[in-house]
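Novice: what shape does this take:
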Amino acid sequence: MSLIDLTGKVAVITGGGSGIGRITATLFASLGAQAVVSDIADTAHETVAAIEGDGGTASAHIGDIGDAAVADAIVAAAVERYGRLDVLVNNAGIMDHFAGAATVDDALWDRVLRVNLSAPFYLTRAALRVMLPQGSGSIVNIASEAGIRGAAAGAAYTASKHGLIGLTRNTAYTYAKRGIRANAICPGGVETNVMTADIQQHIDQEGIGALTPVHQSAMRVAQPIEQANLAAFLASDAASNVSGAIIPNDGGWSAG
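Specialist: A predicted model of the protein is given here:
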């Protein structure tokens, strides 16, 4: 039997229509999980189709998770369809164009914080209402290298990912004796269409100059599956004693 076994587990994965989220959802399903693929775009249905085509079990839920009612509805739909909720992967996120505090307008700040921090909070709150009575549950937050340093993104993104790490730690500590685990993964560069396009589009804007040497360093760019593999481990019973961990998955970037 594989060390990582998700057989029978029900997992909600946000941002599951593309990138790390899609790979995570398909991997979880291949390991036996029933995947609830959440995204604001209809591409979630494409992920579900791929999973079902490989013999897995999945369903899609389209909506803006920055709305607390939508977050509640995603969890409710998972429980209604599959009877429980074992894993929440808060993966959905957006970049901030590497804008420093001097040039971040209110709209960008609010949007980034809404998607990257408020949405994971809403989903965590909704998930805990199910997981706590069960006495078990694993929450995996996809944070960022920007959550542990100040030179990996702009002001809004950096603040949002620092906040997500704080949420992770507080959740892990608060519910440690009630069967809940919460961990955060901190990717460095990952080859996804959205993030790569954002970096290229804003390479010459304010704030990026200080970041350029880091992004052009010798550190390799990871593939989405390398983040998904770690998420699968943290979601599984193989990580039963791992909680409150903030794990860089960045090819050694944070070691410098």
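Novice: CA atoms only: put stretch 80-93 into PDB for me.
Specialist: C-alpha atoms of stretch 80-93 as PDB (Å, rounded to 0.1, in the frame of the first residue of the first chain):
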ATOM      1  CA  GLU A  80     -24.800  16.600   1.300                       C
ATOM      2  CA  ARG A  81     -23.200  14.700  -1.600                       C
ATOM      3  CA  TYR A  82     -20.600  12.600   0.200                       C
ATOM      4  CA  GLY A  83     -21.700  12.600   3.900                       C
ATOM      5  CA  ARG A  84     -18.600  14.200   5.500                       C
ATOM      6  CA  LEU A  85     -15.600  16.500   5.000                       C
ATOM      7  CA  ASP A  86     -12.100  15.300   5.800                       C
ATOM      8  CA  VAL A  87      -9.800  17.700   3.900                       C
ATOM      9  CA  LEU A  88      -9.800  21.300   2.900                       C
ATOM     10  CA  VAL A  89      -7.100  22.600   0.600                       C
ATOM     11  CA  ASN A  90      -7.200  26.400   0.500                       C
ATOM     12  CA  ASN A  91      -5.300  26.800  -2.800                       C
ATOM     13  CA  ALA A  92      -7.100  29.700  -4.700                       C
ATOM     14  CA  GLY A  93      -5.100  32.900  -4.800                       C
END
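Novice: in the protein, where is pLDDT below threshold?
Specialist: 1-2, 193-219 (pLDDT under 70).
Novice: any idea where the helices of it begin and end?
Specialist: 19-30, 43-53, 68-82, 106-113, 119-134, 155-174, 193-201, 208-215, 224-235 (DSSP state H).
Novice: and of these, who's closest to Ile62?
Specialist: Of all these, helix 43-53 sits nearest to Ile62, with 5.9 Å by CB to CB. Yep, even glycine has a C-beta here, placed from its N, CA and C like the rest.
Novice: could I get the buried residue list for the closest one?
Specialist: In terms of neighbour count (16 or more other CB atoms under 10 Å), helix 43-53 has its buried residues at 43-48, 50-51.
Novice: with distance to Gly137 added, can I get these in CSV?
Specialist: Converted to CSV, the buried residues of helix 43-53 look like this (distance: CB to CB, whole Å):
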residue, distance to Gly137
Thr43, 27
Ala44, 22
His45, 26
Glu46, 28
Thr47, 23
Val48, 23
Ala50, 26
Ile51, 22
